[in-house]
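**Student:** could you look at this predicted model? Sequence included:
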Amino acid sequence: MEDVLTKRNAAVKKIEGLIEKTPKTGLILGSGLGELADEIQHPVTIDYTDIPHFPESTVEGHAGKLVIGELHGETVVAMRGRFHYYEGYSMQEVTFPVRVMKGLGVENVIITNACGGMNENFQAGDLMIVDDHLNMTGENPLIGPNEKELGARFPDMSQAYTPAFLSLAKAKASKLGINIQQGVYAGITGPSYMTPAELIMLRKLGADTVGMSTVPEVIVANHMQMNVLGISCITDMAIGEELEPLSHEQVVEVAAQTKPTFIKLVKEIVASLEK
Ligand SMILES: O=P(O)(O)O[C@@H]1C[C@H](O)[C@@H](CO)O1
Ligand SMILES: Nc1nc2[nH]cnc2c(=O)[nH]1
């Protein structure tokens, strides 16, 4: 069984053979948010199927392509389509792209998602900067042998969401006149949405939003001491006491509606990250 480092190096070698400039910032684009990749100039687009050891995206709203190019003149690598534990991939497979980004030289990763809002001050269509998370999956992508070249056996998570990026994102949102929320993201496995009682439980535990991704990637990014910015698009209100039926189509649709604001904010942030 090949170790992660060997698999990562094979993927990195393939990608580096197709690009000129290596990226410093990585973007993981959640459901309905993939079109930010269309803003990347002089793109090199690589199907996940052409990257050694990459899984394939199976979820509607996730294209399954890696896009490397320039955003505001800075070289970025964007995942147009991410992997989810509920697709049946292991936590190691779900987070393998983050390993590859680090192997390409990426130090800053912007991890985005569509999620449900549980904080009653939020509304559908809001963007939220993630300042912390609750790992409610019962899983951890670091379980198993630790490869010390990748990171520590017991990584610190005291600042899992880089404080300087939190401040930067809020400052850029304010400059752009974007009303941004801030809060805690509860990561569940899915694919079923939460019941009313489960949403009330999560809210009591301190979560402001709930979603089915992001947490595994953030853990692995911290394992490799990458800087992390989390941005959530709140696609629906998940209030247990007044829960309405929800579909993935609604999630993708509302996330897509926030696209102009989301793209404007992320581009502005990326321009400030690289230096
Ligand atoms: O990749 P993300 O977290 O944005 O995808 C959202 C959350 C679930 O995967 C799915 C639920 O509709 O969309
Ligand atoms: N309520 C709810 N909304 C979402 N939007 C995207 N993911 C989710 C989720 O897990 N729950």
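**Tutor:** Now that the structure is in, tell me what you want to look at. Ligands and ions are numbered 1, 2, ... in the order given.
**Student:** what parts of this protein come near ligand 1?
**Tutor:** Taking Cβ under 6 Å from any ligand atom as the criterion, the neighbours of ligand 1 within the chain are 30-31, 82, 84, 113-114, 190, 211-213, 248, 251. In short, each C-beta sits where N, CA and C put it, glycine included.
**Student:** recalculate using a threshold of 8 Å.
**Tutor:** Proximity of the chain to ligand 1 (Cβ under 8 Å from any ligand atom) is limited to residues 30-33, 59, 61-62, 82, 84, 86, 112-115, 190-191, 193, 211-214, 233, 235, 246-248, 251-252, 255.
**Student:** mind giving me the PyMOL command for buried ones among those?
**Tutor:** Applying 16 or more other Cβ atoms under 10 Å to the residues of the chain next to ligand 1, the buried members can be selected in PyMOL as follows:
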select buried, resi 30+31+32+33+59+61+62+82+84+86+112+113+114+115+190+193+211+212+213+214+233+235+248+251+252+255
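**Student:** so which of the residues of the chain next to ligand 1 are in strands?
**Tutor:** Counted as lying in strands by DSSP state E, out of the residues of the chain next to ligand 1, are 112-115, 211, 233, 235.
**Student:** let me see the contact set for the residue in the chain positioned nearest to ligand 2.
**Tutor:** Nearest residue of the chain to ligand 2: Gly116, at 2.5 Å (Cβ to the nearest ligand atom). Residues counted as contacts of Gly116 (Cβ atoms under 8 Å, 6 or more residues apart in numbering) are 193-194, 199, 209-211, 234-238, 246.
**Student:** still on that earlier bit, out of the residues of the chain next to ligand 1, which sit inside helices?
**Tutor:** The subset of the residues of the chain next to ligand 1 located in helices under the criterion DSSP state H comprises 248, 251-252, 255.
**Student:** which residues touch the spatially most central residue of the chain?
**Tutor:** What sits nearest the mean C-alpha location of the chain, by Cα atoms, centre = their mean, is Ile111, with 2.6 Å. Contacts for Ile111 (Cβ under 8 Å, 6+ apart) come out as 28, 130, 214, 217-218, 221, 228-231.
**Student:** Val266 touches Asn108, doesn't it?
**Tutor:** No - using Cβ atoms under 8 Å, Val266 and Asn108 do not qualify as a contacting pair, with a distance of 11.9 Å.
**Student:** thinking again about what came up before, please produce a markdown table containing the ones in helices among the residues of the chain next to ligand 1, extended by distance to Leu104 and pLDDT.
**Tutor:** Compiled in a markdown table, these are given as follows (distance: Cβ to Cβ, whole Å; pLDDT from 0 to 100):
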| residue | distance to Leu104 | pLDDT |
| --- | --- | --- |
| His248 | 30 | 92 |
| Val251 | 30 | 92 |
| Val252 | 28 | 88 |
| Ala255 | 26 | 90 |
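**Student:** for Ala164, state which of those residues is nearest.
**Tutor:** For these, the minimum distance to Ala164 (Cβ to Cβ) is 26.5 Å, reached by Ala255.
**Student:** what residues are bridge-paired with the residue of the chain closest to ligand 2?
**Tutor:** Val210, Asp236 (DSSP bridges).
**Student:** what's the burial count for the nearest residue to Met237 once chain neighbours are set aside?
**Tutor:** Beyond its immediate neighbours in the sequence, the residue positioned closest to Met237 (Cβ to Cβ, 6 or more residues apart in numbering) is Gly117, lying 5.0 Å away. Applying other Cβ atoms under 10 Å, we find 25 residues neighbouring Gly117.
**Student:** Leu127 is in contact with Gly117, correct?
**Tutor:** No - proximity of Gly117 to Leu127 does not meet the contact threshold set by Cβ under 8 Å, at 10.9 Å.
**Student:** and for the two, which residues touch both?
**Tutor:** Shared contacts of Gly117 and Leu127, defined by Cβ under 8 Å, 6+ apart, are found at Ile234.
**Student:** what does the stretch 151-275 of the chain put close to ligand 2?
**Tutor:** The interface of the stretch 151-275 of the chain toward ligand 2, taken as Cβ under 8 Å from any ligand atom, is made up of 188, 190, 193-194, 199, 210-213, 234-238, 246, 248, 251, 255.
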